[in-house]
Every structure is written in structure tokens, then in C-alpha cells.
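>>> Provided below for reference: sequence and predicted model.
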Amino acid sequence: MKTIELNSKLLMRGLLLVLLFLCLNLAFSLLHPQETKSALSSASATLSNSRLSYRAGVADTFPAGRTTIDIDTSANADNNTNHLFVGDAVCFSDVGENGCKNSLTYAVRTVFPITDTDTFVMSSALAGALANTDLAMATASGTMTVAFGIGSTIPVNGDIKITIPAVNSDTQTNDGLPDTNSSLATNGFDLNGMTATEVSVSGGTGCTWTATETLTAGTSSTDHTIVATTTTACTTGTITATIGGTAHYLVNPAPITSGHAQGTADYYAIGIATRDAADITIESANVKVAPIEAVFVSATVEEILTFTIAGVGTGYTACGTNATTDVTTYAYSVPFGTISSSNTFYDAEQTLTVSTNATSGYKVYVKEDDELGKDGADSPNIPDTLCNTGTCTHTSAQEWTAVNINGFGYSLQDISSTNAKFEWDDSVPTTGFSAKHFPNDTESPTQYTATDAEVMSDSSPVSASSAYVCYRLDVSGTQQAGLYYNTVKYIATATF
């Protein structure tokens with residue numbers, strides 16, 4: 001009986017001790033609450049330029065004046081020219097990265113084909129010599145935008161802190177040249193001499209951000225940090241920080257030197273935290289950015305020049321109402337056929353059409369091998385027209401409306417452009433037929449020169465620029481019978 005009573009007392013004492021412990025623990029928790037951290041919502045970091053920087057070794061010693069550079073093919077961030085593009089600005093530096101040699105950058109003119117991936121050519125020559133230990137670098141830089149939503153109030157004089165990785169085996173974390181290291185954990189961004197005025201913070205309900213943030217460049221053992229303070233409490237909302245301004249942009253890292261595969265991003269964690277006035281973290285998040293090699297898209301557009309001559313049927317009117325076509329022409333011939341009436345105009349037409357992508361446009365020239373000669377001989381012939389006044393030539397157009405003025409000549413009319421060198425209504429009266437004769441390639445001295453023989457031209461690229469060429473023939477009653485012919489040649493050239 002005594003044993004049972006003793007056990008009951010012991011059990012009661014144990015329960016009292018447990019209850020006392022719980023009460024003391026609750027009291028301690030109320031007096032000393034534990035710090036809790038929550039994650040920021042919708043946190044992100046975005047690079048305006050996601051391209052990795054380029055950093056290669058120089059393969060040999062190169063003297064001043066050289067434009068072709070060979071690079072090392074091993075043990076560097078970049079070991080080929082795959083990620084060096086035409087137009088990139090290349091800076092050469094020594095291994096200590098003491099700025100660009102000769103304070104110059106050089107524009108890449110050409111990256112040679114895949115068969116030679118360790119060579120590139122610059123548009124200007126080296127101003128000074130290079131050593132085989134020097135570096136060839138092309139910077140990819142831009143802004144970083146960090147955005148996040150807060151769930152807990154940032155109190156008065158609290159702040160946000162953004163941490164950006166810096167290379168931790170290099171003292172040159174703020175020199176504007178791209179950094180590299182053997183691993184992602186030890187590589188990072190270069191701050192590029194950025195000042196606090198080139199960081200802007202905005203957003204959040206109730207926030208009043210100080211005009212100038214605190215910007216601290218990383219060292220060989222620390223990362224870059226940006227701290228922005230609010231002088232009033234931030235209760236809710238989204239906060240945005242933009243890092244980089246018009247004078248200095250964040251320089252993206254070059255690829256890591258071990259384990260990087262071109263076309264696979266290198267990932268870097270950006271730290272974000274909100275803190276109270278005592279720098280105690282309230283909320284935090286780590287977000288990642290993923291710089292990667294850019295894709296160089298290229299296409300060679302073929303130089304294009306097309307020129308066509310097309311026939312025109314009978315009954316068409318071009319080069320004036322008194323020049324209705326009497327014969328059907330073809331791309332390869334103007335068959336006036338049998339001339340049954342003298343002192344009568346016979347009219348024919350062809351269409352000339354040009355297309356070209358030449359930067360400086362095109363010109364079309366024309367010439368005849370001789371006058372229309374009987375059986376192709378020089379004489380007898382149907383002469384080239386001299387027009388009404390007897391003064392038109394292969395360079396000067398005049399009115400040709402008098403049927404008693406015999407000969408062979410031509411005029412022009414624009415169809416889809418204003419490329420014809422002269423037109424049928426350039427002379428007075430404008431209802432007539434302003435004509436020239438073709439330059440004769442056999443006259444001595446020759447009438448044919450490129451400038452004098454132009455029939456169409458434009459100083460810019462054109463698409464289907466077209467004009468009519470209107471042939472006119474008129475023979476006298478005493479013209480010897482027989483077949484008369486010559487060859488008219490059109491020459492189209494373009495200036496690319």
C-alpha cells in the first residue's frame with residue numbers, strides 16, 4: 001500500500017516538473033522570439049545583354065602594323081574564334097589586365113571560316129607590338145534589372161542588398177575588362193568603374209529611396225554589393241533596381257576555363273535581401289542569370305542584275321499618239337517586214353526591264369553595229385535619221401514628225417519608273433516624236449561612248465524598272481530595193 005502511494009507521489013512530481021518546463025519555455029519564447037526569414041516573391045534578375053564576353057590568348061608575338069591575329073587554342077576562356085563576330089571591338093591586354101594596350105580597341109573586320117577557327121582579321125593595324133602572353137578580349141556589357149515583391153515591411157532606414165558575383169582569384173574586378181576563372185563558383189562580373197549614380201531603385205508601397213545608393217566593388221575575396229536605403233517604411237509592392245547607366249555598364253564574364261561547352265549557359269546566382277536598420281535580414285532570395293554565347297546569323301545575298309527585252313504586238317501606242325505600232329516585235333528581233341510605202345512612218349516597240357540590288361544602281365547602254373545596210377553591207381543603206389531640223393544625233397534628241405525626212409531612229413517612254421534618259425515628248429511640240437539615232441559602233445571616230453549611249457539608268461537599286469524603246473523607220477521613194485538589216489546591242493551593267 002505504501003509502495004503504491006509512493007509511486008503516485010513520484011508521478012505527480014514528474015508531471016509538475018514537465019508542466020513547469022513547458023511554462024518556462026513558453027515564457028522564454030515570448031520574451032525572446034526566434035528570428036524567421038521568408039522568401040521574396042516573384043524575384044528575377046534580367047540582363048539586357050546576355051552574351052558572354054570573349055577572352056582568348058594571343059598565340060605569338062606580333063609586330064605593330066599587323067592586322068591578322070592568331071589565338072591560342074587551349075587553356076583559355078575562348079580557344080577559337082567561334083564567338084568573335086564581325087564588328088566586335090577587340091582590346092589587347094597583358095596578363096595583368098592593365099587596360100587596353102596603346103589605349104586602343106580594334107574592330108574585327110573578318111572572322112575567317114571554320115577551317116581556320118584560330119585567326120581573325122582587324123579593320124585597322126596594330127598600333128604596337130603584342131607578346132605571346134597577351135590577351136585578346138571583346139567585352140559584352142549591359143544593364144542588370146533586379147525585381148522582386150516584398151511580403152514583409154521594410155522599416156524606416158531599412159534597405160535592400162543586391163549581391164553580384166565577382167571573380168575571386170583576380171584583383172581586376174572593376175577595370176572594364178571581362179573576367180574568367182576555372183569554375184562558376186569563382187568567376188563573375190566586372191563592375192567596369194560604375195558609380196552609385198548609375199544604379200536606380202524604384203517601387204514599393206510607401207518607399208522613399210535615397211537618391212544615391214551604396215555601391216561596393218568586389219575584391220579577390222568578396223562580391224559586388226549594392227545597398228539602397230528607404231527613409232520611410234515599405235509595406236508591400238514590387239521593387240525594381242536597375243544596375244548600369246549611360247557611362248558604365250556591367251561587363252559580363254567570359255566563359256569559365258574548365259568545363260564550359262559553347263552553346264551552354266554559365267549560371268550565376270544574384271543575391272537579393274531586404275534588411276532592417278540593424279542590417280538584419282527580413283526576406284531574401286537567390287535568382288540566377290545565364291549568360292551564353294550569342295548566335296551570329298549571316299547570309300550572303302547574291303549580287304543580282306536581271307535585264308530583259310520583250311516584244312510588243314501591233315496596235316500599241318507608246319511614245320506619242322502618232323506612233324502606233326505597225327509590226328509585232330520579239331525579244332530577239334524587230335521585223336519591219338516589207339516596206340510598201342515611201343515617206344511613211346513605220347513604228348515598232350520593245351520593252352526593256354531591269355532589276356538589280358546593286359548599291360549604286362545600273363546603266364543600260366545601246367549601240368548599233370552599223371546603219372541599216374543592204375544585205376548587211378555598209379552601202380547602200382537606210383541612213384540614221386537627222387530629224388526635222390537635220391540636227392539630231394546619238395546624243396541630242398530633236399523632233400521627228402516630217403515624213404519626208406527619211407531614216408532610222410528611236411525614242412523612249414518610261415513605264416514603271418523615270419529611268420529613261422530622254423522621252424518622246426521632251427522636244428517641242430510635245431505631241432510629236434522626240435528622237436535620236438543609235439550610236440554607230442563603226443563610224444570613225446566611233447559614235448559609241450558609254451555616257452553618250454545610255455538609254456536607262458538609276459543610282460539606286462531597282463525592281464522591274466521598265467521603259468519602251470520605240471523604233472521608227474521611214475524610207476524614200478528612191479531607196480534601192482533589197483533586204484536591209486543591222487544589229488542593235490543593249491548592254492546592262494550594275495555598280496555593286
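Here it is on my side, so go on. All of these numbers come straight from a predicted model, not from anything done at the bench. Numbering: from 1, shown residues only.
>>> for the rest of this, base every contact and every neighbour count on C-alpha atoms.
Will do.
>>> run a quick neighbour tally on residue 389.
Look at residue 389: counted by other Cα atoms under 10 Å, it has 11 neighbours.
>>> in contact with it, which residues?
The neighbourhood of residue 389, defined by Cα atoms under 8 Å, 6 or more residues apart in numbering, consists of 398-399.
>>> please name the bridge partners of residue 409.
Counting by DSSP bridges, residue 409 forms beta bridges with residue 472.
>>> where exactly do the strands run in the stretch 101-250 of the chain?
Using DSSP state E, counting those that start in this stretch, the strands of the stretch 101-250 of the chain run over residues 105-111, 119-122, 135-138, 141-142, 144-149, 159-164, 199-205, 214-216, 224-229, 236-243, 250-251.
>>> export these to TSV and tack on distance to residue 407, mean neighbour count and mean pLDDT?
Output for the strands of the stretch 101-250 of the chain, formatted as TSV (distance: least, Cα to Cα, whole Å; neighbours: other Cα atoms under 10 Å; pLDDT from 0 to 100):
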stretch	distance to residue 407	mean neighbour count	mean pLDDT
strand 105-111	58	19	78
strand 119-122	61	20	92
strand 135-138	70	24	95
strand 141-142	73	24	96
strand 144-149	78	20	97
strand 159-164	86	22	98
strand 199-205	82	19	96
strand 214-216	88	18	94
strand 224-229	88	22	97
strand 236-243	80	19	96
strand 250-251	77	27	97
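>>> check which helix or strand covers residue 307.
Secondary-structure assignment from DSSP states H and E places residue 307 in strand 305-311.
>>> returning to that earlier point: in JSON lines: the strands of the stretch 101-250 of the chain, plus distance to residue 171.
Output for the strands of the stretch 101-250 of the chain, formatted as JSON lines (distance: least, Cα to Cα, whole Å):
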{"stretch": "strand 105-111", "distance to residue 171": "22"}
{"stretch": "strand 119-122", "distance to residue 171": "29"}
{"stretch": "strand 135-138", "distance to residue 171": "16"}
{"stretch": "strand 141-142", "distance to residue 171": "19"}
{"stretch": "strand 144-149", "distance to residue 171": "22"}
{"stretch": "strand 159-164", "distance to residue 171": "16"}
{"stretch": "strand 199-205", "distance to residue 171": "23"}
{"stretch": "strand 214-216", "distance to residue 171": "14"}
{"stretch": "strand 224-229", "distance to residue 171": "13"}
{"stretch": "strand 236-243", "distance to residue 171": "21"}
{"stretch": "strand 250-251", "distance to residue 171": "15"}
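>>> quick one: closest of the ones you listed to residue 417.
Proximity to residue 417, assessed across the strands of the stretch 101-250 of the chain by Cα to Cα, is greatest for strand 105-111 (37.4 Å).
>>> sorry, back to before: so which of the strands of the stretch 101-250 of the chain comes closest to residue 179?
Closest among the strands of the stretch 101-250 of the chain, using Cα to Cα: strand 250-251, at 8.5 Å.
>>> which elements pack onto the closest one?
Of the remaining helices and strands, those touching strand 250-251 by 3 or more Cα pairs under 8 Å, 6 or more residues apart in numbering; DSSP states H and E are strand 141-142.
>>> what sits up against the strand it packs on?
With Cα under 8 Å, 6+ apart as the criterion, strand 141-142 contacts 47-49, 51, 53, 244, 249-252.
>>> now this structure, which segments are flagged as low pLDDT?
Scanning the chain for pLDDT under 70 picks out 1-37, 111-115, 170, 428-430, 444-445, 450.
>>> all helices for it, in order.
Ranges of helices in the chain, per DSSP state H, are 2-31.
>>> domain-wise, how is it divided?
Annotated domains of the chain cover 38-49+141-289, 54-138, 305-494 [automatic domain parsing].
>>> report how many residues lie close to residue 60.
15.
>>> mind listing what it touches?
70-71, 130-133.
>>> ok, 10 Å please
Residue 60 makes contact with 69-72, 130-134, according to Cα atoms under 10 Å, 6 or more residues apart in numbering.
>>> closest to residue 281 out of the strands of the stretch 101-250 of the chain?
Go through the strands of the stretch 101-250 of the chain one by one with Cα to Cα and the one that ends up closest to residue 281 is strand 159-164, at 9.2 Å.
>>> how far off strand 199-205 does that closest one point, in degrees?
130 degrees (axes from the mean of the first three to the mean of the last three Cα atoms, to 10 degrees).
>>> remind me what strand 159-164 packs against, helices and strands.
Here strand 159-164 is seen to pack against strand 214-216, strand 224-229, strand 236-243, strand 268-275, strand 281-289 when contacts are counted using 3 or more Cα pairs under 10 Å, 6 or more residues apart in numbering; DSSP states H and E.
>>> same list, those, but as JSON lines with distance to residue 110 please.
Compiled in JSON lines, the helices and strands packed on strand 159-164 are given as follows (distance: least, Cα to Cα, whole Å):
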{"stretch": "strand 214-216", "distance to residue 110": "39"}
{"stretch": "strand 224-229", "distance to residue 110": "36"}
{"stretch": "strand 236-243", "distance to residue 110": "33"}
{"stretch": "strand 268-275", "distance to residue 110": "32"}
{"stretch": "strand 281-289", "distance to residue 110": "31"}
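>>> out of those, flag the one nearest residue 144.
Evaluated over the helices and strands packed on strand 159-164, closeness to residue 144 peaks at strand 236-243, with 5.1 Å, by Cα to Cα.
>>> what pairs with the closest one, parallel or antiparallel?
Taking DSSP bridges as the criterion, strand 236-243 pairs within the sheet with strand 144-149 (antiparallel), strand 199-205 (antiparallel).
>>> can I get it in PDB, CA atoms only?
The C-alpha trace of strand 236-243 is given here as PDB (Å, rounded to 0.1, in the frame of the first residue of the first chain):
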ATOM      1  CA  THR A 236       4.100  46.000 -50.000                       C
ATOM      2  CA  GLY A 237       4.600  46.000 -53.700                       C
ATOM      3  CA  THR A 238       7.300  45.300 -56.200                       C
ATOM      4  CA  ILE A 239      10.800  46.900 -56.100                       C
ATOM      5  CA  THR A 240      13.000  47.300 -59.200                       C
ATOM      6  CA  ALA A 241      16.700  48.000 -59.200                       C
ATOM      7  CA  THR A 242      18.500  48.800 -62.500                       C
ATOM      8  CA  ILE A 243      22.300  48.400 -62.400                       C
END
